[in-house]
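Asker: Here is my input; please provide its structure:
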Amino acid sequence: MTGPRRDADERLRARLREAAGAHRPDRARILARVERGRAVGDRGPARLRLPGWVRVAGATAAVAGVLVAGGSAVAPAVRDDVPAQRSVTTPPGPREPGPLWSSGAVDPHSNAFWAQSTVTLGTSTPLTALTVELRVAQTGSVTSTGAWRSLPEKDFTFAVDERDGFVVYRWTLRPGRTVPAGAWMFAGQYHHERGGRDAGGDRYSATATAPSGSRTVRGDFTPGG
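Answerer: Residues are numbered from 1 along each chain as shown. Purely as a prediction, here's the structure:
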């Protein structure tokens, strides 16, 4: 190609290269557009408004190279700075009248070989004595893999054994210790036979002493938290 047309193409390519080198993505504006896109219902990635010179020259081969370069520069900025979503678990509400309430749930992160059963115990007043017992039915190869509680470990004695067709977890508040008002968790973890395990036979109970007297709560487990 020779003559005026070739000179015009060379000038266009030079202009594109100069503009591409000078372009810097506005990160704050990009992130703001992404957040607005999420707020209206996750309609997909935010569309970036391209400069006018790119839209005008969109039919030329040189523009394709500019768009590729621009895309590779913008994408990491969005990916690195947008915070990851985190799930939040809301504690269950009261199920029994009085100062003591409870609920039981199979942890939603349980899988085909392993599970966790969690007892949540709530009290509106300090407790001077407390025993929590979790009974996991022996549905096949149920074996304890551990346990935990949200209260201090040193405040409790703990035992786990198997009896009467159950793996039994038992937490007992030590003499002289106190459970403050609040919601507290007691969890037993275990292996089981492969496949979905039926927790319909599992049970728990908690016996406590409060200023108003002794209280007992008991219940079963809901699947998946």
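Asker: Poorly predicted segments of the protein, please.
Answerer: Residues of the chain meeting the criterion pLDDT under 70: 1-9, 12, 16-95, 97, 223-225.
Asker: need the strands for it, in chain order.
Answerer: All strands of the chain, identified by DSSP state E, fall at 100-106, 114-123, 129-137, 143-149, 156-163, 166-173, 182-191, 203-210, 213-219.
Asker: quick one: which of the ones you listed is nearest residue 197?
Answerer: With Cβ to Cβ as the measure, strand 114-123 is the member of the strands of the chain nearest residue 197 (6.0 Å). Glycine gets a C-beta too; all of them are placed from N, C-alpha and C.
Asker: Okay, angle between the closest one and strand 143-149 too, please.
Answerer: 30 degrees (axes from the mean of the first three to the mean of the last three Cα atoms, to 10 degrees).
Asker: Switch the strands of the chain over to JSON lines; also include distance to residue 14 and mean neighbour count.
Answerer: Shown next, in JSON lines, are the strands of the chain (distance: least, Cβ to Cβ, whole Å; neighbours: other Cβ atoms under 10 Å):
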{"stretch": "strand 100-106", "distance to residue 14": "67", "mean neighbour count": "21"}
{"stretch": "strand 114-123", "distance to residue 14": "64", "mean neighbour count": "22"}
{"stretch": "strand 129-137", "distance to residue 14": "75", "mean neighbour count": "21"}
{"stretch": "strand 143-149", "distance to residue 14": "67", "mean neighbour count": "15"}
{"stretch": "strand 156-163", "distance to residue 14": "77", "mean neighbour count": "13"}
{"stretch": "strand 166-173", "distance to residue 14": "76", "mean neighbour count": "20"}
{"stretch": "strand 182-191", "distance to residue 14": "67", "mean neighbour count": "19"}
{"stretch": "strand 203-210", "distance to residue 14": "76", "mean neighbour count": "19"}
{"stretch": "strand 213-219", "distance to residue 14": "77", "mean neighbour count": "15"}
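Asker: would you turn these into CSV with distance to residue 13?
Answerer: Formatted as CSV, the strands of the chain follow (distance: least, Cβ to Cβ, whole Å):
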stretch, distance to residue 13
strand 100-106, 64
strand 114-123, 62
strand 129-137, 72
strand 143-149, 66
strand 156-163, 75
strand 166-173, 74
strand 182-191, 65
strand 203-210, 74
strand 213-219, 75
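Asker: Let me see the domain layout of the chain.
Answerer: Following automatic domain parsing, one finds the domains of the chain at 4-81, 100-219.
Asker: wait, what's in contact with the spatially closest residue to residue 192 that is not a sequence neighbour?
Answerer: Leaving aside its sequence neighbours, residue 192 sits nearest to residue 142 (Cβ to Cβ, 6 or more residues apart in numbering; 5.0 Å). Neighbour list for residue 142: 136, 167, 190-192 [criterion: Cβ atoms under 8 Å, 6 or more residues apart in numbering].
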